[in-house]
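> Predicted model and sequence below, questions to follow.
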Amino acid sequence: MTSRRWFHPTISGVEAENLLMENGFDGSFLARLSSSSPGAFTLSVRRGQDVTHIKIQNNGDFFDLYGGEKFATLPELVQYYMETGELREKNGQVIELKQPLICAEPTTERWFHGNLSGKEAEKLILERGKSGSFLVRESQSKPGDFVLSVRTDDKVTHVMIRWQDKKYDVGGGEQFSTLCELIEHYKRNPMVETCGNVVHLKQPFNATRITAAGINARVEQLIKGGFWEEFESLQQQDSRDTHPRKEGYKIENRNKNRYKNILPFDETRVKLRDCDPNISGSEYINANYIRLCPDSEQNSANSSSESLNNVQGLCSNCAAVQQQQKNCQNCQVMNKTCVQCESRAKSSSFSKLTSSATNCTNCTRKADTLPKHKRSESLTSRSLSTAGMCGKKDDKDFYKTYIATQGCLQNTIQDFWNMIWQENTRVIVMTTKEIERGKNKCARYWPDQGQTKEWGPARVTCLSESSTNDYTLREFQFSWRNQDKRHIYHYHFQVWPDHGVPSDPGCVLNFLQDVNSRQNQIAQSGITPGPICVHCSAGIGRTGTFIVIDMILDQIDRQGLDTEIDIQRTIQLVRSQRSGLVQTEAQYKFVYYAVQHYIQTLFQRKRAEEQSLQVGREYTNIKYTGEIGDAQRSPLPPSVSNLSLNNKLDNFNMNKMPCKPTKSPMDPITPKCDFVPTVYENIQKDLRPPPPTPPRKT
C-alpha cells in the first residue's frame, strides 16, 4: 500500500471504537496492536453503527487471520482484503474495508519519512545527503516501531527505535516521551556502534513525501521557511541535470522561440509530421510532451529488513529506461515509485517501452478513492492505441499526457494548429492574457465569434464564446487540409495576476474540474481525445503549475487520502521533460495550497455525504469556492495573492484557524474542527449546490 497510516500503534479497542464512530464512516477501518495477545494485531472495522474487531495472528513467520491466506507483512494482508473483498464473517457476510482511518503522524518534523523502506532510505541519503544526514521512518518488520537511518561516510547505519510502555528508546539507555526528544538527545550525545564507530546526527534529511491527509501539518511546517528550502533544493537538482536543446538553438528555428533561452528538450519535443522535409526546421515547434502514467506512481516493493546494503532495485522496465536516462533523477518519484519516464527516443514522440513492462507487478494498484467523488477522470487521458507512447495494455487503460508549449507568435500560428490536428487535441488551456503590462504574451490564434480565419491549411471558425468571472470558453470548428471538421474547446483562464499567483486556489480547482469534465465528455461521446495542450506565454511557469496540480489531484482521486504525494519530486519529474515548469517559489507554494484546499473540500464533501444519508439526499456536485455562483465568489485576503519571496503568507498559521467544537476526520487522533483555513474561508458553506448543468452536445 502507499501508506500505512491506517496503523494506530497506541490505542485500545475502546479507543478504536470511539475513533471509528466519531471520525469514520461505514467501511472505515484501522489496525492496532492486540491488547489481549502480545505480538498479535487487531483489525477494527466500522459497519454502520457498530464496530467489528478481527484478530490477526503474527507467529513470527507470517501474518494471517488464524487460518486462510498467509502474508509476509501486515500491509500485504490489509491490501489483499481491501482489494478482494474476501473478508467474511462465519455466516458468510462480507466485511468491507472501504476507507482507512488515518492515524496522526508521531511527529510533524520533516525528518520523519513515514512508510519508507531501508533500501529507499539508503538510496536517498547516499544520493542526496552527506555524512551525518539522518531521517526517521516506520519499521517495516515491526509495526509500531521506528528506525533511525544515518549516513556515516559512505554507508548508512540503521538504528531500531522501540515504542514500549508509551516511551521511545533505542534498545537501551534513556527513554523519551516523543521522537523529537529522542532525536534531540542523540544529536547532543552521539551513539556509538558496537564496532566503535561514532554515529553523529548532524543535519536532518527532510522528507518531501507526505500522506495526502496530512497536508495541513506539512504546510504548517513549510510556512516556517521550508517552502524556500524545498524550492531551492529543486533548483539545485535542476542545475545538475542537463538535457540537450540543440534543435531550438538552430538558426532556422530561433525566430520560432518567444524567448531565446526557453527551448524544448530534444528528447521530449513535439515534432510536426505534416511539413516540407526540404525546408530545414519545418518540423520544429517549441512544445514538449509531459506525462505521468496514471497507475504507476507507486512501487511499494518495500523490504522487511531494516539493514540493507544495496539500494532499491527497479523493475526490469524502469531499469532499462533509467539506463537510457542517466541524468533523469525521477525514476523514483515520491521516493518509491516506478514511474516510466520515457526513454529518450529520437522519434516524433516517446518510443514504446519494452515488453518487460508487463513483468512489473508493482506498477498497478487499486484505485482507492472516496466514494461518489469523481473529478471527471483526468485533465488529459490518451488512449494507448492512439498515443503510441507505451507498451500495449488494456484499452481501458489511459496514460496522462499533456502538451506544454509557449504562447503563439504570429509566425508560429500555423504550426500550432498543425500540432493540434496531428495530436488529435480537442481541448486547449490558455493561462495568459494576450497582452499583460503592455507586453504581447500570446498572438491571437483564433477568430472572433462567428468569424472564420485561415492560417495555411488550417481553417478555424469560432462557433461560440461564453465567459465566467474566471475564464472564457470558446468553441471552434477546425479543419486541416479540408479534412473532416473537429470541435475544439478553448479554455482561456483570465484571472492569473501579472505578478504572483491567483488569490483563490478554488478558482483554479473549479477551472480544472470544468476542463476535466469536457475532456471526459468528449471521450464518452466515442471520440478518443489526444492530450490537452496547455500554454501560457513561455510555456513553463503557469503551464507547469496547472499541470502539476492536476497530476497530484488525479493521484489522490485514484488512490485515496492515504496515498503518499510528493509535490517536489513530481515537479522534478515534469521538469525532466520541459525546463523550468513551476518557475517561481510563489508558484511552488500555490501548488501546495491548491492541493490543501482540494483535500479540505474532499473532507467537507465526505462529511456532507455521510450526513445526507440521514435525510435521504445525495450531494453529487461541489464547488471549491465560497459561493455557488461565480458572481458571489469572495476573494481571499491580499496576503494570499502575494505568494512571493516577501513571505507575506508566512504569517498564516494553521493553529490559528477559527474552529467549531466538532471533530474533523483530518486528524483522527486529536480533537480537531470542521473548518477551512481563514485564508480559504470562501470554501462553500452550503453544501447543497444546484443540479449540475447538462453537458453540451458536441
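Right, received. Where do you want to start?

> from here on, contacts and neighbour counts on C-alpha atoms
Will do.

> Quick one: neighbours of Asp61, just the number.
9 (other Cα atoms under 10 Å).

> Pretty sure Ala72 is one of the things it touches, is it not?
Yes. Counting by Cα atoms under 8 Å, Asp61 touches Ala72, with 7.3 Å between them.

> can you list the domain ranges for this structure.
Listed domain ranges for the chain are 7-100, 118-207, 229-243+287-293+397-602 (source: the TED database).

> Throw those domains into a markdown table and include mean pLDDT and distance to Ile223, thanks.
As requested, these are exported to a markdown table (pLDDT from 0 to 100; distance: least, Cα to Cα, whole Å):
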| stretch | mean pLDDT | distance to Ile223 |
| --- | --- | --- |
| domain 7-100 | 86 | 27 |
| domain 118-207 | 85 | 15 |
| domain 229-243+287-293+397-602 | 93 | 9 |
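
> Dump those domains to a markdown table, plus distance to Ile262.
What follows is the domains of the chain, written out as a markdown table (distance: least, Cα to Cα, whole Å):
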| stretch | distance to Ile262 |
| --- | --- |
| domain 7-100 | 44 |
| domain 118-207 | 27 |
| domain 229-243+287-293+397-602 | 7 |
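
> Pick the most deeply packed of those domains.
Greatest average neighbour count among these goes to domain 229-243+287-293+397-602 (a mean of 20), per mean count of other Cα atoms under 10 Å.

> distance between the ends of that one?
29 Å (Cα to Cα, to the nearest Å).

> same check, this time on stretch 95-106
29 Å.

> hmm, who's touching that stretch?
Defining contact as Cα atoms under 8 Å, 6 or more residues apart in numbering, one finds that stretch 95-106 is touched by 5-8, 20, 23-24, 26-30, 45, 47, 81-82, 85-89, 114, 178-179, 213-214, 368, 370, 562, 667-670.

> And for stretch 156-173?
10, 118, 122, 125-126, 139, 144-151, 175-179, 182, 306-307, 309.

> what does stretch 138-154 give?
7-9, 73, 113-117, 121-122, 125-126, 129-137, 156-163, 199-201, 302-306.

> Could you tell me which of these are located in helices?
Ala121, Glu122, Ile125, Leu126 (DSSP state H).

> Can you convert those into CSV and add a column each for distance to Ile54?
Formatted as CSV, the ones in helices among the contacts of stretch 138-154 follow (distance: Cα to Cα, whole Å):
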residue, distance to Ile54
Ala121, 33
Glu122, 36
Ile125, 39
Leu126, 41
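
> Just give me the closest of these to His597.
Ala121 (30.2 Å; Cα to Cα).

> Can you tell me the closest non-neighbouring residue to the closest one?
Sequence neighbours aside, Ser149 is the residue nearest to Ala121 in space, at 7.0 Å (criterion: Cα to Cα, 6 or more residues apart in numbering).

> quick check, nearest of the ones in helices among the contacts of stretch 138-154 to Ile552?
Ala121 (23.0 Å).

> Can you name the next helix or strand after the host helix or strand of Ile488?
Using DSSP states H and E, Ile488 sits within strand 486-493. As assigned by DSSP H and E, the chain's next helix or strand after strand 486-493 is helix 505-524.

> could you give the angle of that following helix to strand 486-493?
170 degrees (axes from the mean of the first three to the mean of the last three Cα atoms, to 10 degrees).

> Now do the strands in the stretch 151-300 of the chain.
Per DSSP state E, counting those that start in this stretch, the stretch 151-300 of the chain carries strands over the ranges 155-164, 167-169, 191-192, 198-199, 203-204, 209-211, 269-271, 284-292.

> partners of the third one in the sheet?
According to DSSP bridges, the neighbouring strands of strand 191-192, each with its direction, are strand 198-199 (antiparallel).

> Run through who's touching the strand it pairs with.
Gly132, Val150, Thr152, Pro190, Met191, Val192, Glu193.

> first to last residue in stretch 207-218, what's the distance?
With Cα to Cα applied, stretch 207-218 spans 10 Å between its terminal residues.

> for stretch 415-430, same thing?
Note: stretch 415-430 ends 17 Å apart using Cα to Cα.

> Which residues outside that stretch are in contact with it?
With Cα under 8 Å, 6+ apart as the contact definition, stretch 415-430 has outside contacts at 270, 272-274, 285, 408, 458, 479-480, 486-493, 515, 518-519, 529-536.

> quick revisit: please name the bridge partners of the residue nearest to Ala121.
With DSSP bridges as the rule, Ser149 is bridged to Leu135, His158.

> Now do it against Val534, distance only.
41 Å.

> How about Ile183?
Counting by Cα to Cα, the gap from Ile183 to Val534 is 46 Å.

> and Ile527, what helix or strand is that in?
Per DSSP H and E, there is no helix or strand for Ile527.

> Show the low-confidence segments of the stretch 251-400 of the chain, by residue range.
Of all residues in the stretch 251-400 of the chain, those with pLDDT under 70 make up the ranges 293-399.

> so where's the longest helix in this structure?
What stands out as the longest helix in the chain, according to DSSP H, is helix 585-612.

> rewinding a little: any idea which of the strands of the stretch 151-300 of the chain gets closest to Asp238?
So among the strands of the stretch 151-300 of the chain, strand 284-292 is nearest, using Cα to Cα, at 16.6 Å.

> Parallel or antiparallel, which strands does that closest one pair with?
strand 269-271 (antiparallel), strand 398-405 (antiparallel).

> any chance of the ones you listed in CSV, plus distance to Pro502?
Listed next are those as CSV, based on distance: least, Cα to Cα, whole Å:
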stretch, distance to Pro502
strand 269-271, 29
strand 398-405, 20
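
> Return the list of helices and strands in contact with the host helix or strand of Asp554.
Asp554 belongs to helix 541-559 when elements are defined using DSSP H and E. Where contact means 3 or more Cα pairs under 8 Å, 6 or more residues apart in numbering; DSSP states H and E, helix 541-559 is packed against strand 398-405, strand 532-535, helix 567-575, helix 585-612.

> Compile the ones you listed into a markdown table and extend it with columns for distance to Ser280.
Below are the helices and strands packed on helix 541-559 laid out as a markdown table (distance: least, Cα to Cα, whole Å):
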| stretch | distance to Ser280 |
| --- | --- |
| strand 398-405 | 21 |
| strand 532-535 | 25 |
| helix 567-575 | 28 |
| helix 585-612 | 37 |
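
> Out of the ones you listed, the one nearest Pro505 is which?
Nearest of the helices and strands packed on helix 541-559 (Cα to Cα): helix 585-612, 5.0 Å.

> Helix 541-559 and that closest one, what's the angle between them?
30 degrees.

> what's helix 585-612 packed up against?
On a contact count with 3+ Cα pairs under 8 Å, 6+ apart, helix 585-612 meets helix 215-221, helix 227-240, helix 505-524, helix 541-559.

> rewinding a little: and the contacts of strand 198-199, which is closest to Phe227?
Gly132 (22.9 Å).

> ok, that closest one touching Phe205?
No. Applying Cα under 8 Å, one finds Gly132 not in contact with Phe205, separated by 9.3 Å.
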